[in-house]
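**Student:** Any chance you could fold what I've pasted below:
(one chain, ligands or ions: 1)
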Amino acid sequence: MEPNSPHDLLLQITDSLGWYLESLKESGVAGLPRAEMMGHGDAGTRGQSDSSSTASSRRPVAASSPPSASRPQPPVPPVVSQTGDLFLSPALQAVQTLEELRAEIGDCRRCKLCQGRTQIVFGTGNPRAELVFVGEAPGRDEDLKGEPFVGRAGQLLTEIITKGMKLRREDVYIANVVKCRPPENRNPEPDEIAACEPFLVKQLELIKPRIIVALGTFAAQTLLKIKTPISRLRGVWHTYHGIKVMPTLHPAYLLRNPNDKRLVWQDIQAVLRELEGR
Ligand code: SF4
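**Tutor:** Below is the predicted model:
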């Protein structure tokens, strides 16, 4: 039907435009200014990938964005984690040295990661280290060599230790949350972490470091018993059984996002200040 007047025409256009905008919202089309301004979307799950740069690339344009929408989320308050030795078996509790612990682990088949591994990657370094780095899981190079952090990400960690901190790899201790390589380098699963975590707990109990650097989401979340993404945990001191914990980004993430090396350098400088008692 033809509109009778300019007023009718205007009403019809307004109705159509309103319906169109409603249908867009209901169909979940991304990028509506209102959704961005309210902070909706999948920013929470993206945080899992340590990605402050990803968050910034998804910012709404400045004209439609309130100042708070483009600010990074503040870090979480310090976490004090006390879990651990309660679930150690009597055999593990009796262990007195790292050598005894390795012997106790034996040809471990406590989780399904045993099926695809070449060998168990126990850990390496100074058994009385003041500083321990904890990563996620062995990759292909580590699985073949039997030593943690020896691939490309490991080379970057070695540079952080030797060039950035002026230490030797032998001065620190390096271990992972799970000791066997997950197939295709997938993330460790909760049952695998639960099966292997007592070994890490015992390692840390025996070494008694002053500082733990948790490399990436899995290490930080396992030690601190928290589900917060590493992007919000990093840069803040937390505590694990009285040991200071500095979560930072995983070297493998830095290989893909070299611009975030500056964030790790900030965290490492905080670790150096703490080590030097400054
Ligand atoms: S990942 Fe840990 S618990 Fe699982 S088989 Fe390897 S050593 Fe055992």
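
**Student:** Now residue 95: closest residue in space that isn't a chain neighbour?
**Tutor:** residue 101 (4.8 Å; C-beta to C-beta, 6 or more residues apart in numbering). All C-beta spots, glycine's among them, are computed from the backbone N, C-alpha and C.

**Student:** who's in contact with that neighbour?
**Tutor:** By C-beta atoms under 8 Å, 6 or more residues apart in numbering, the contact list for residue 101 reads 92, 95, 199, 202, 203, 206.

**Student:** Assumed it was part of a strand.
**Tutor:** No. Counting by DSSP: H, G, I helix; E, B strand; the rest coil, residue 101 is not found in a strand; it is helix.

**Student:** could you measure it against residue 115, distance?
**Tutor:** Between residue 101 and residue 115 the computed distance is 23 Å (C-beta to C-beta, to the nearest Å).

**Student:** before we move on, the earlier item: most neighbours among the contacts of residue 101, which one?
**Tutor:** Highest neighbour count within the contacts of residue 101, by other C-beta atoms under 10 Å: residue 199, with 26 neighbours.

**Student:** Buried residues of the helix or strand containing that residue, list them for me.
**Tutor:** Element membership for residue 199, per DSSP states H and E: helix 190-207. Within helix 190-207, the residues scored as buried using 16 or more other C-beta atoms under 10 Å are 192-193, 195-207.

**Student:** Could you do stretch 170-179 as well?
**Tutor:** For stretch 170-179, using 16+ other C-beta under 10 Å, the buried residues are 172, 173, 174, 175, 176, 177, 178, 179.

**Student:** near the ligand, anything from it?
**Tutor:** Yes. Counting by C-beta under 6 Å from any ligand atom, the ligand has neighbours in stretch 170-179: 178, 179.

**Student:** how near is the spatially most central residue of the chain to residue 165?
**Tutor:** Nearest to the geometric centre of the chain sits residue 217, at 1.5 Å (C-alpha atoms, centre = their mean). Residue 217 sits 22 Å away from residue 165, going by C-beta to C-beta.

**Student:** circling back: quick check: the residue nearest to residue 95 vs residue 154, distance?
**Tutor:** Computed as C-beta to C-beta, the residue 101 to residue 154 distance reads 22 Å.

**Student:** Can you list the neighbours in contact with the helix holding residue 199?
**Tutor:** 84-85, 87-89, 92, 95-98, 101, 105, 110-113, 122-123, 127-129, 132, 134, 173, 175-180, 182, 188, 212, 218, 222, 240-241, 243.

**Student:** Tell me the first helix or strand C-terminal of that helix.
**Tutor:** Criterion used, DSSP H and E; the element after helix 190-207 is strand 211-215.

**Student:** ok, residues contacting that following strand?
**Tutor:** Contacts of strand 211-215 (C-beta under 8 Å, 6+ apart): 130-136, 157, 204, 220, 223-224, 233, 240, 243-251, 267-268, 271, 274-275.

**Student:** any idea which helix or strand of the chain has the worst average confidence?
**Tutor:** helix 43-46 (a mean of 29; mean pLDDT, DSSP states H and E).

**Student:** Residue 245 against residue 221, yeah?
**Tutor:** No. Contact criterion C-beta atoms under 8 Å: residue 245 and residue 221 do not qualify, at 11.5 Å.
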